[in-house]
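In: From the sequence below, what's the structure:
(chains A and B)
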Amino acid sequence: MSEMGITVKKSENFSEWYTQVVLKSGLADYAPIKGCMIFREHSYAIWEKIQEVFNKRIKEKGHKNVYFPLFIPESFLKKEAEHFEGFVPEVAWVTTGGNSKLEERLAVRPTSETIMYATYAKWIRSWRDLPIKLNQWCNIVRWETRATRLFLRTREFLWQEGHTAHATKEEADTEVIEILNIYKDLVENYLAIPVLVGKKTENEKFAGALYTTALEALMPDGKVLQMGTSHNLGQNFAKVFDIKFIGEDEKEHYVWQTSWGITTRLIGALVMVHGDDRGLVLPPKIASVQTVIIPIPYKDVDKELILRKAREISENLQKNGISAVLDDRSEYTPGWKFNEWELKGVPIRIEIGPRDVKKRQVTLARRDTIERFVVKEEEIVDTVTKLLEEIQSNLFNKAKEFLEDHTTTVKTYNDFKEALKKKGGFIRTCWCSNSTCEEKIKEETGATIRLIPLEKEELFSNCVYCDEEGKEVVYFGRAY
RNA sequence: GGGGUCGUCGUCUAGUUUGGUCAAGGAUACCAGCCUGGGGCGCUGGCGAUCCGGGGUUCAAAUCCCCGCGACCCCA
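Out: Here you go, the predicted structure:
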């Protein structure tokens, strides 16, 4: 047996399993630069699917896509002090152009607030210029010094960053929540990954924001992964970049801004949450190939007949909006193909051999459960359509169950530590809102407050750390 | 942030402990030819590695020492 398949079990060595799935399924490869990766066809197709879904949703809301420069002058980055402090440790700098040293060094964007907002200041004069609702899909560089992981933490990654400017705080608040909801819909209904949504604490918020909201998902190893963020920037950037408008009241006002993003990290989450010992398992709605048809020809039977049937099925599926690939490569055996497509996570496999042709049927195999059954020819489209939906919801439900199983409510610090150690996951508890307690807990356990739920939950105890009066219910966890 | 492991044909690896047997062995992939086809099938032949890079020790280095580069794992 070769080393082509996954050689470790997800349950036995999660890290190693993850790396193998990513590499062997053809999602990604290492680049010859430390901490950088290659997004191969398979992962880029997933990214394009994410783009497709998200673009559609924000365009419906009136957002437009743009592209701003990769380089940001140092002076821009420095304008908002908190923002600069937050990002400077991991900024990559361009100091030389050709043979000449630059007068002012340029940051390779770690995020584009500053370069975009310098321009917003130029564009905005009147309340009639508002709101501005722009988004860009681009690459980002953050010079990580910590250990990097494919998709999860790399020095360069792809993302989408939305940047809006509004006349009032209320409008900005609404924007933040609407985007958060679009993210939740994308992640839960397409990627089939359940999330918790909420607000970040002061310690965890975006550098320079008024407040940050986020989606957090639970990975099978009990660690928490942030799946997207949406910030209300308040007027912090408006004040330093001088983004002002004359309102209907004939007075001068600073704009209220938001920014929000999701990254290619989502693909890493997809691998971790749904993958199994055979490789990737893709939710049908995000899979670029939803069905693969594998003809099984024998020497003594009419190969053409089988192929013709296979083609017919493929066309029929595509006519009905189901993506299908006919794998008619004669140089590989059916068994070989089964393994390859399973590794790549294709939701449904359709086998068609002499047995099937004779009985006017096909054999279906679903990737999520590895079940196999026979379907009559005329029922293929209906069955596949239903099965795709079923796989989609099955994946979500399984992940949801895991999330619920691994969310523990505690009242005491001892229970907190025990739950974290034994199960990991989310620890739901009460907190006094004092950042000292938050920091102490982080120091002692490595867990941080991932979220304060948007809809306030009813208090049930004192602060889990200091035992002073509890002010809010929060969710702790160890984050990636 | 702390600790550990590792780097040998495209890939996975044997060899490193104890320097000489290594002009580096195997498997897989790849190429040619057969055979096949409902789970990575089989047979024959072929191609393929200045042992991650640099320096040092030595009569002799894949093996020992130093520096660098890169990757992985574990813990917080």
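
In: what's the neighbour count on residue A:316?
Out: The local packing of residue A:316 (other C-beta atoms under 10 Å) involves 15 other residues. For every residue, glycine as well, the C-beta is placed using N, CA and C.

In: What separation do you get for the residue nearest the centre of chain A and residue A:111?
Out: Of all residues in chain A, the one closest to the mean position by C-alpha atoms, centre = their mean is residue A:266, 2.2 Å from it. For residue A:266, the distance to residue A:111 under the criterion C-beta to C-beta, to the nearest Å works out to 17 Å.

In: So for residue A:2, what's the pLDDT?
Out: Taken from the predicted model, the pLDDT recorded for residue A:2 is 38.

In: and what of residue A:133?
Out: As predicted, residue A:133 sits at a pLDDT of 98.

In: Helices of chain A, residue ranges please.
Out: Under the criterion DSSP state H, chain A carries helices at the ranges A:14-24, A:41-60, A:74-78, A:81-87, A:113-123, A:169-185, A:236-241, A:265-274, A:303-319, A:334-344, A:354-359, A:380-405, A:413-422, A:435-445.

In: Flag every residue of the stretch 201-350 of chain A that's near RNA strand B.
Out: Counting by C-beta under 7 Å from any atom of the strand, the residues of the stretch 201-350 of chain A lying close to RNA strand B are A:278, A:296-299, A:303, A:330-336, A:338-340, A:342-343.

In: And residue A:378, how close does it get to residue A:316?
Out: Here the criterion is C-beta to C-beta. By it, residue A:378 lies 10 Å from residue A:316.

In: circling back: the residue nearest to the centre of chain A and residue A:190 touch, don't they?
Out: No. In this structure residue A:266 lies outside contact range of residue A:190 using C-beta atoms under 8 Å: 9.8 Å.

In: overlap in contacts of those two?
Out: With contacts defined as C-beta atoms under 8 Å, 6 or more residues apart in numbering, the residues adjacent to both residue A:266 and residue A:190 are residue A:50.

In: dump the residue contacts of the closest residue to residue A:7 other than its chain neighbours.
Out: In space, and not counting its chain neighbours, residue A:7 is closest to residue A:20: 6.7 Å by C-beta to C-beta, 6 or more residues apart in numbering. The contact partners of residue A:20, taken as C-beta under 8 Å, 6+ apart, are A:6, A:7, A:8.

In: again with residue A:160
Out: A:51, A:54, A:135, A:136, A:137, A:261, A:262, A:263.

In: again with residue A:145
Out: Listed by C-beta under 8 Å, 6+ apart, the contact partners of residue A:145 are residue A:90.

In: so what pLDDT did it get?
Out: Residue A:145 is assigned 78 on the pLDDT scale.

In: Relative to RNA strand B, how far out is it?
Out: For residue A:145, the distance to RNA strand B (C-beta to the nearest atom of the strand, to the nearest Å) stands at 4 Å.

In: Quick check: the gap between that residue and residue A:89.
Out: 8 Å.

In: again with residue A:49
Out: For residue A:49, the distance to residue A:89 - C-beta to C-beta - is 34 Å.

In: Contacts only, for the residue in the stretch 351-480 of chain A positioned nearest to RNA strand B.
Out: With distances taken as C-beta to the nearest atom of the strand, the stretch 351-480 of chain A approaches RNA strand B most closely at residue A:353, which sits 2.5 Å away. Residue A:353 is in contact with A:295, A:296, A:297, A:298, A:306, A:363, counting by C-beta under 8 Å, 6+ apart.

In: same thing but 7 Å
Out: If you count contacts by C-beta atoms under 7 Å, 6 or more residues apart in numbering, residue A:353 has them with A:296, A:306.

In: I'd assumed residue A:207 was in contact with residue A:83.
Out: Yes. With contact defined as C-beta atoms under 7 Å, residue A:83 reaches residue A:207; the gap is 4.9 Å.

In: higher neighbour count, those two?
Out: Regarding residue A:83 and residue A:207, a neighbour count based on other C-beta under 10 Å identifies residue A:83 as having more, with 23 against 17.

In: what's the closest non-adjacent residue to that one?
Out: residue A:208 (3.4 Å).

In: Tell me how many other residues surround the one you found.
Out: Other residues within reach of residue A:208 by the criterion other C-beta under 10 Å amount to 24.

In: before we move on, what about residue A:36?
Out: Around residue A:36 there are 14 other residues, counting by other C-beta under 10 Å.

In: show me the residues around it that make contact.
Out: By C-beta under 7 Å, 6+ apart, the contact set of residue A:36 is A:154, A:155, A:156.

In: Let's see that with 6 Å instead.
Out: Taking C-beta atoms under 6 Å, 6 or more residues apart in numbering, we find residue A:36 in contact with A:155, A:156.

In: again, but for the one 10 residues further on
Out: By C-beta under 6 Å, 6+ apart, residue A:46 lies in contact with A:267, A:286.

In: Retrieve the pLDDT associated with it.
Out: Predicted confidence (pLDDT) at residue A:46: the value is 96.

In: for residue A:114, same thing?
Out: Residue A:114 carries a pLDDT value of 94.

In: residue ranges with poor pLDDT in the stretch 351-480 of chain A?
Out: Along the stretch 351-480 of chain A, segments meeting pLDDT under 70 are nowhere present.

In: Neighbours of residue A:100, how many?
Out: With other C-beta under 10 Å as criterion, residue A:100 counts 7.

In: same question but for residue A:31, I mixed them up
Out: Going by other C-beta under 10 Å, the residues that sit close to residue A:31 add up to 14.

In: so who does it touch?
Out: For residue A:31, the contacting residues are A:37, A:38, taking C-beta under 6 Å, 6+ apart as the criterion.

In: For it, grab phi and psi.
Out: Main-chain torsions, residue A:31, degrees, to the nearest 10: phi -100, psi 160.

In: Give me the nearest residue to residue A:376, chain neighbours excluded.
Out: residue A:361 (5.3 Å).

In: So that neighbour sits against residue A:379, correct?
Out: No. In terms of C-beta atoms under 6 Å, residue A:361 does not count as a neighbour of residue A:379; the distance is 9.0 Å.

In: So which of those two has more stuff around it?
Out: Residue environment comparison for residue A:361 versus residue A:379 gives the larger neighbour count to residue A:361, 17 against 12, counting by other C-beta under 10 Å.

In: Tell me which of the helices of chain A sits most buried.
Out: helix A:265-274 (a mean of 25; mean count of other C-beta atoms under 10 Å).

In: and that helix, C-alpha only, in PDB?
Out: As requested, C-alpha coordinates have been extracted for helix A:265-274 and formatted as PDB (Å, rounded to 0.1, in the frame of the first residue of the first chain):
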ATOM      1  CA  ARG A 265      -8.900  30.600   6.800                       C
ATOM      2  CA  LEU A 266     -12.500  29.500   6.300                       C
ATOM      3  CA  ILE A 267     -11.100  26.800   4.000                       C
ATOM      4  CA  GLY A 268      -9.000  25.500   6.900                       C
ATOM      5  CA  ALA A 269     -12.100  25.300   9.100                       C
ATOM      6  CA  LEU A 270     -13.900  23.400   6.400                       C
ATOM      7  CA  VAL A 271     -11.200  20.800   6.400                       C
ATOM      8  CA  MET A 272     -11.100  20.400  10.100                       C
ATOM      9  CA  VAL A 273     -14.800  20.400  10.800                       C
ATOM     10  CA  HIS A 274     -16.000  18.000   8.100                       C
END
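
In: relative to helix A:41-60, how tilted is that helix?
Out: Our comparison of helix A:265-274 with helix A:41-60, counting by axes from the mean of the first three to the mean of the last three C-alpha atoms, to 10 degrees, yields an angle of 110 degrees.

In: Appreciated, that's everything.
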